[in-house]
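[1] sequence-free structure coming up:
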């Protein structure tokens, strides 16, 4: 990317390494569309692509740049399922519907792979993801989860003991791994750019620097920006953690949580591949988890250190380096070259929150840090509902969601206190 292209993106290895995408115009004046979508991240772009390919006139309004939010800053790990565990979904909707929702997530993973192939999106897709335990209780819980998923969801995953894991991962920190060959990792910003290119080629009009300040509901919704407005038959709210007053009833049911990633200086191919021999993505199962993978230019991308207070952690670069060296002591001489962060939107139960505010106003949020594949599914499910096939969206809409307790003033302090307890539990038990 040129310096001009990256100026509007937060500094990151992703922004520094992605192939350029030409800037899109700012909305000025009044336009009409069949569907107007708020947000040019994975959800909005996926819905736009599906609808445009079906013949709809689609406009996407983006407050910043395409992929500017979580879609262009996330950890890049594409994992089957959702932000909550399957047993949580079983408690919320029953096992039969939980099975249906999981099968939908498998379709979402296949959909993502198909889009990458069909639209020739150069986003460095790699197969394989390992969930790794640190404590014996975590090892036991992972084995129970593996058995449950095989028995009730027909989703077999491999258990690797410590020796098997050590053959692929050069760290002594973990007791073993659940390996999922169908999940994997990619370059998040390049995937967003690829979806945008496909959507533009299909006829979608995308307007950047066009923040929606008001949604006018009714028979023909109108999305207002400072310089224009779009009148449409259907509106889709895909702003997630960045709705900013457009739909208060949605904002009360999600919480923005800061999450952070560091990228080392290039290690060289031999040293990088010695760390993760099969090039898989890895995540531990602590509440405040570490996750990591290799980049195409042989860096280690290491994420973690979530902030529930919306304030960036102090000395973030030093903190990320310490966490990285706890996993890989052999990188004691390696510096963190890039460090960046952003917000993910979590729901109170960590389950996906997708549905309708009105018969012609749709939304998807609550991806809870698990959105690389499920956002694409959300876009297709909403597009299908607009086209009159609402069965799958109705299944998601049946998941019950409550507002975060405490209201605007107290909900963040209450969440910080709760997360402190979970972190203490991980440390002591």
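    Nice, I can see it. Predicted, not measured: the structure shown is a model, and the values here were computed from it. Numbers count the residues shown, from 1 in each chain.

[2] residues contacting residue 268?
    Listed by Cβ atoms under 8 Å, 6 or more residues apart in numbering, the contact set of residue 268 reads residue 298. (C-beta placed from N, C-alpha, C; glycine too.)

[3] I figured residue 338 was touching residue 16, is that so?
    Yes. Residue 338 lies in contact with residue 16 (Cβ atoms under 8 Å); the separation is 7.2 Å.

[4] Over to the residue nearest the centre of the chain: give its phi and psi.
    When Cα atoms, centre = their mean is applied to the chain, the residue found nearest the centroid is residue 371 (2.9 Å). Dihedral angles of residue 371 (phi, psi; degrees, to the nearest 10) stand at phi -110, psi 0.

[5] Identify the residues contacting it.
    The neighbourhood of residue 371, defined by Cβ under 8 Å, 6+ apart, consists of 42-43, 70, 74, 83, 344.

[6] Narrow those residues to those in helices?
    Among the contacts of residue 371, the members found in helices (DSSP state H) are 42-43.

[7] pLDDT of the helix or strand hosting residue 100, averaged?
    Taking DSSP states H and E as the criterion, residue 100 maps to helix 95-118. On average, the pLDDT along helix 95-118 is 97.

[8] by contact count, what packs against it?
    Under the contact criterion of 3 or more Cβ pairs under 8 Å, 6 or more residues apart in numbering; DSSP states H and E, helix 95-118 touches helix 86-93, helix 136-153, strand 176-185, helix 188-201, helix 371-386, helix 391-397.

[9] and if we set it to 7 Å?
    helix 86-93, helix 136-153, helix 371-386, helix 391-397 (3 or more Cβ pairs under 7 Å, 6 or more residues apart in numbering; DSSP states H and E).

[10] Need the contact partners of the longest one.
    For helix 136-153, contacts defined as Cβ atoms under 7 Å, 6 or more residues apart in numbering pick out 86, 95, 99, 102, 131, 133, 155-157, 159, 175-176, 178, 285, 429.

[11] again, 8 Å this time
    Identification of contacts with helix 136-153 by Cβ under 8 Å, 6+ apart yields 85-87, 95, 99, 102-103, 131, 133, 155-157, 159, 175-176, 178, 285-286, 429.

[12] now that helix and helix 95-118, what's the angle there?
    Relative orientation of helix 136-153 versus helix 95-118 (axes from the mean of the first three to the mean of the last three Cα atoms, to 10 degrees): 90 degrees.

[13] Could you check helix 136-153 and say which residues are buried?
    Residues of helix 136-153 classed as buried by neighbour count (16 or more other Cβ atoms under 10 Å): 138-139, 142, 145-146, 149, 153.

[14] Helix or strand next in line after that helix, which one?
    Once the chain leaves helix 136-153, the next helix or strand it forms, by DSSP H and E, is strand 158-161.

[15] any idea which of the buried residues of helix 136-153 is closest to residue 264?
    Distance to residue 264 across the buried residues of helix 136-153 (Cβ to Cβ) is lowest for residue 138, with 26.3 Å.

[16] dump the residue contacts of residue 49.
    115, 195, 198-199, 202, 204, 379.

[17] So which of the contacts of residue 371 is the closest to residue 12?
    Proximity of the contacts of residue 371 to residue 12 (Cβ to Cβ) peaks at residue 74, which lies at 10.5 Å.

[18] Low-confidence bits of the stretch 201-350 of the chain, can you list those?
    Along the stretch 201-350 of the chain, segments meeting pLDDT under 70 span 306-311.
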